[in-house]
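S.K.: okay, predicted coordinates and the sequence, questions at the end:
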Amino acid sequence: MSKKKSYMSYQNIIKEGFFDDLVRTIIPKSVQQKIDKVDKENIKKVIDKNNEKIKKYKKQSEELSDRIAKELEKQYGYKTNKKKVSDFIKKEK
């Protein structure tokens with residue numbers, strides 16, 4: 001039977017939140033809430049920026065699928081279904 005090594009080294013204690021829990025017991029709740037409020041606002045800003053990027057990328061993807069459909073129609077004279085083109089692009093990702 002092999003011996004398991006303890007995963008609680010000084011680095012893992014920090015990762016496990018030992019010091020965070022220690023500080024939270026010392027600092028009053030009112031100060032903690034103010035700090036958490038600022039953190040939540042910063043996180044919300046990051047999420048909003050990322051959502052805007054996602055919207056932009058979705059729009060670009062739709063424009064590309066439209067261009068592909070138009071080019072296929074020009075080249076082969078066959079009008080394609082835009083949904084099939086967009087599904088094909090999603091499958092290739």
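M.R.: Alright, I've got the coordinates. Numbers count the residues shown, from 1 in each chain.

S.K.: how close does Val38 get to Val31?
M.R.: Counting by Cβ to Cβ, to the nearest Å, the separation of Val38 from Val31 is 11 Å. Quick note: C-beta positions are derived from backbone N, CA and C, even for glycine.

S.K.: name the helix or strand for Lys79, please.
M.R.: Lys79 is part of no helix or strand, with elements assigned from DSSP states H and E.

S.K.: report how many residues lie close to the closest residue to it other than its chain neighbours.
M.R.: Leaving aside its chain neighbours, Lys79 sits nearest to Glu73 (5.3 Å; criterion: Cβ to Cβ, 6 or more residues apart in numbering). Glu73: 12 surrounding residues under other Cβ atoms under 10 Å.

S.K.: Glu73 and Lys82 touch, don't they?
M.R.: No. Assessed by Cβ atoms under 8 Å, Glu73 is found out of contact with Lys82, at 10.6 Å.

S.K.: could you tell me which residues touch both of the two?
M.R.: Common contacts of Glu73 and Lys82 (Cβ atoms under 8 Å, 6 or more residues apart in numbering): none found.

S.K.: give the ranges of residues in the chain that sit below the confidence cut-off.
M.R.: For the chain, applying pLDDT under 70 flags the ranges 1-19, 92-93.

S.K.: so where do the helices sit in it?
M.R.: Per DSSP state H, the chain carries helices over the ranges 10-15, 18-26, 29-76, 82-92.

S.K.: OK, contacts around the residue nearest in space to the middle of the chain?
M.R.: Ranked by distance to the mean C-alpha position of the chain (Cα atoms, centre = their mean), the top residue is Asn50 at 7.4 Å. Under the criterion of Cβ under 8 Å, 6+ apart, Asn50 has no neighbours.

S.K.: and for Val38 and Val31, which residues touch both?
M.R.: Counting by Cβ under 8 Å, 6+ apart, nothing touches both Val38 and Val31.

S.K.: isn't Leu64 up against Ile89?
M.R.: Yes. Contact criterion Cβ under 8 Å: Leu64 and Ile89 qualify, at 7.1 Å.
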